[in-house]
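S.K.: Below is the sequence, then the predicted model.
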Amino acid sequence: MTAQLLILDRDGVINQDSDDYIKSPDEWVPIPGSLEAIARLSHAGFRIAVATNQSGLARGLFGLETLNAIHRRLRDRVESEGGRIEMIAFCPHGPNDGCNCRKPRPGLLLEIAARFDVDLSAVPFIGDSLGDIQAARAAGARPWLVRTGKGEHTLECLHEQGQDAALCDILIYPDLNAAASALIENPDLL
């Protein structure tokens, strides 16, 4: 059996999000259970990729060297739990730059699909925002939502706007740990 690809958003799914941006490795704080979840998924045969908007680069809040250090810390911490992240794709642009890689556009997910040579139709993309949902749909992936990060706010906004139907095909979990358990215990979800 071929290993199944799983794509994760970073901020709000793997680590705590911040309206002030994650600007250093010291500010990168994993959400409880997320690193263990990635390790369990790795052991269950999933290949893990991360797709993350990093407009802090365009805003001059940190440089590429710092972002690489943050991602090195992420990978090291996941590896210390026995897991592996095979790819981190990031968008360095700001919201008004008009790129195709900034979520909600599909560019990051399509880059990951090309690297792994997979059709995204059976690939879950676990995120916490409306932009993550939209990017998954635009790329042909399967949007999943966690309530951590911006997840609760995303659900509230869709409900207040009367767009509950937008969630009809989305699996929603309290956090990445719960989503990982569901994936591992219920292969039919794919």
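M.R.: Good, I have the coordinates.
S.K.: could you pull out the helices for the chain?
M.R.: 34-43, 64-80, 107-116, 130-139, 151-160, 176-185 (DSSP state H).
S.K.: Return the set of buried residues in stretch 37-52.
M.R.: Using 16 or more other CB atoms under 10 Å as the test for burial, stretch 37-52 gives 37-42, 46-52. From N, CA and C alone the C-beta is placed, and that goes for glycine too.
S.K.: mind listing what the biggest strand by length in the chain pairs with, with the direction of each?
M.R.: Longest strand in the chain, counting residues (DSSP state E): strand 46-53. The pairing partners recorded for strand 46-53 under DSSP bridges are strand 4-8 (parallel), strand 87-91 (parallel).
S.K.: Now do the most far-flung residue of the chain relative to its centre, the pLDDT please.
M.R.: Computed with CA atoms, centre = their mean, the residue of the chain farthest from its C-alpha average is residue 162, at 25.5 Å. You'll see residue 162 listed with a pLDDT of 81.
S.K.: and the gap between it and residue 30?
M.R.: 35 Å (CB to CB, to the nearest Å).
S.K.: do the same with residue 168
M.R.: Distance from residue 168 to residue 30, by CB to CB: 31 Å.
S.K.: neighbour count winner among those two?
M.R.: residue 30 (18 against 6; other CB atoms under 10 Å).
S.K.: Which strand residues bridge the closest residue to the more buried one other than its chain neighbours?
M.R.: Take residue 30 and drop its neighbours on the chain: the residue closest to it by CB to CB, 6 or more residues apart in numbering is residue 15, 5.1 Å away. Using DSSP bridges, the bridge partners assigned to residue 15 are residue 11, residue 30.
S.K.: Please name the residues that touch residue 15.
M.R.: For residue 15, the contacting residues are 22, 28, 29, 30, 31, 34, 74, by CB atoms under 8 Å, 6 or more residues apart in numbering.
S.K.: mind redoing it with 10 Å?
M.R.: Applying CB atoms under 10 Å, 6 or more residues apart in numbering to residue 15 gives the contacts 22, 27-31, 34-35, 70, 73-74, 77, 148-149.
S.K.: Make sure residue 34 is actually in contact with residue 177.
M.R.: Yes. If you go by CB atoms under 10 Å, residue 34 and residue 177 touch, sitting 6.6 Å apart.
S.K.: Sounds good, over and out.
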